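Q: Next input, structure requested:
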Amino acid sequence: MKVSVDRDRCCGAGQCVLTAPEVFDQGDDDGVVVLLDALPAPDRHASVREAAAVCPAGAITVTDAPDT
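A: This is a model prediction of the structure:
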């Protein structure tokens with residue numbers, strides 16, 4: 001799995017941080033998403049997919065990547 005974020009689309013709702021705090025954070029100044037782990041471990045995939053699904057701005061993209 002590969003995760004990317006569009007910081008320009010982010011509205012700072014923080015749902016991603018609540019859902020997957022190991023992968024997402026928010027900037028102190030503006031509350032915009034900060035990606036902590038673009039290639040999360042398999043045990044975090046479900047929470048990352050949920051975070052992408054609940055993002056009100058659609059700022060999180062999840063793509064399947066082959067395991068390396």
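Q: Every contact and neighbour count from this point should use C-alpha atoms.
A: Fine.
Q: Do me a favour and get the end-to-end distance for stretch 30-46?
A: End-to-end span of stretch 30-46 (CA to CA, to the nearest Å): 27 Å.
Q: list the buried ones in that stretch?
A: Neighbour-count burial for stretch 30-46, with 16 or more other CA atoms under 10 Å as criterion, is recorded at 32-35, 39, 45.
Q: And stretch 20-31, by the same measure?
A: Buried, per 16+ other CA under 10 Å, within stretch 20-31: 20-26.
Q: Over to stretch 57-68?
A: Buried residues in stretch 57-68, counted by 16+ other CA under 10 Å: 59-60, 62.
Q: follow-up on the earlier one: mind listing which of the buried residues of stretch 30-46 are in helices?
A: Among the buried residues of stretch 30-46, DSSP state H puts His45 in helices.
Q: In the buried residues of stretch 30-46, find the pair that's most separated.
A: Val32 and His45 (21.5 Å; CA to CA).
Q: what's the closest of the buried residues of stretch 20-31 to Cys10?
A: Gln26 (10.1 Å).
Q: if I look at Pro42, how far off is Asp64?
A: Taking CA to CA, one finds Pro42 at 11 Å from Asp64.
Q: which neighbours do the two share?
A: Counting by CA atoms under 8 Å, 6 or more residues apart in numbering, the contacts common to Pro42 and Asp64 are Met1.
Q: what's the burial count for Ala13?
A: As a burial measure, Ala13 scores 15 neighbours (other CA atoms under 10 Å).
Q: tell me the SS of it?
A: coil (DSSP: H, G, I helix; E, B strand; the rest coil).
Q: now swap in Ser47 and tell me
A: Using three-state DSSP, the structure places Ser47 in helix.
Q: excluding its backbone neighbours, what's nearest it?
A: Nearest residue to Ser47, sequence neighbours excluded (CA to CA, 6 or more residues apart in numbering): Ala20, at 5.5 Å.
Q: I'd like the buried residues of stretch 57-68 laid out as CSV, including secondary structure.
A: Shown next, in CSV, are these (three-state DSSP):
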residue, secondary structure
Ala59, coil
Ile60, strand
Val62, strand
